[in-house]
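K.L.:
below are the sequence and a predicted model for it; my questions follow.
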Amino acid sequence: MKEKSLRFLVSASGFELERIKTALSDNGIPNDSKAQKKSFSAKAVTGVDNSEQDIYVSEDDYDKAYDLCVGIGAIRPEGEEQEILPDDGSAPAPAEEEFEDMPDGKRTAVRIISAILFVLLAAMVIFGTDAITGWIKSFFQ
């Protein structure tokens, strides 16, 4: 592509960069990417290029590329609210719950009961393991 006919489309990195470039190429839209000067990559160490890169398309293909990127969710049209999803692709987190402050007496009681239950659980694991090993040793005597 000629340098003067390029137009900036979107910035992306990692999997998202590859997804956008593949979608553009699959639809016959020539594209080029250039690493941003401010970003760095650990490709030599990790084998993955995680630097932020700018994707450019020709001026003639810009509208088609923009519509394609909107279609695959890589670009949000102006005025549309963007819902932030977790990186692992799971559903968005529910709104945070608000909790009431617990009275000091109740907080102390919950802490004491939790500590006692933890000690009982640890004792059950230890005694259970001891009983199982004693039972297994009885086969070899």
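P.N.:
In hand now; what should we look at? Numbers count the residues shown, from 1 in each chain.

K.L.:
what's the burial count for I55?
P.N.:
Other residues near I55 come to 21 when the count uses other C-beta atoms under 10 Å. Backbone N, C-alpha and C define where each C-beta goes, glycine included.

K.L.:
mind checking what secondary structure it has?
P.N.:
At I55 the chain is in strand, as set by DSSP: H, G, I helix; E, B strand; the rest coil.

K.L.:
do you know how far it is from V70?
P.N.:
Plainly put, I55 is 14 Å away from V70 if you go by C-beta to C-beta, to the nearest Å.

K.L.:
mean confidence (pLDDT) on the longest helix along the chain, please.
P.N.:
As assigned by DSSP state H, the longest helix anywhere in the chain is helix 104-137. Helix 104-137 comes out with an average pLDDT of 95.

K.L.:
buried set for it?
P.N.:
Within helix 104-137, no residue qualifies as buried by neighbour count (16 or more other C-beta atoms under 10 Å).

K.L.:
ok now it, how far from the chain's centre?
P.N.:
36 Å (C-alpha atoms, centre = their mean, to the nearest Å).

K.L.:
ditto for stretch 64-76
P.N.:
21 Å.

K.L.:
just the buried residues of it, please?
P.N.:
For stretch 64-76, by 16+ other C-beta under 10 Å, it's 65-66, 68-69, 74-75.

K.L.:
so V10 sits in a strand?
P.N.:
Yes: V10 forms part of a strand when assessed by three-state DSSP.

K.L.:
these two touch, right, it and I72?
P.N.:
No: contact criterion C-beta atoms under 8 Å: V10 and I72 do not qualify, at 10.8 Å.

K.L.:
contacts for stretch 27-38 next, please.
P.N.:
Residues from elsewhere that reach stretch 27-38 (C-beta atoms under 8 Å, 6 or more residues apart in numbering): 1, 6, 9, 11, 17, 21, 24-25, 41, 51-58, 61, 64-65, 68.

K.L.:
which other helices and strands contact the longest helix of the chain?
P.N.:
Helices and strands touching helix 104-137, as assessed by 3 or more C-beta pairs under 8 Å, 6 or more residues apart in numbering; DSSP states H and E, are absent.
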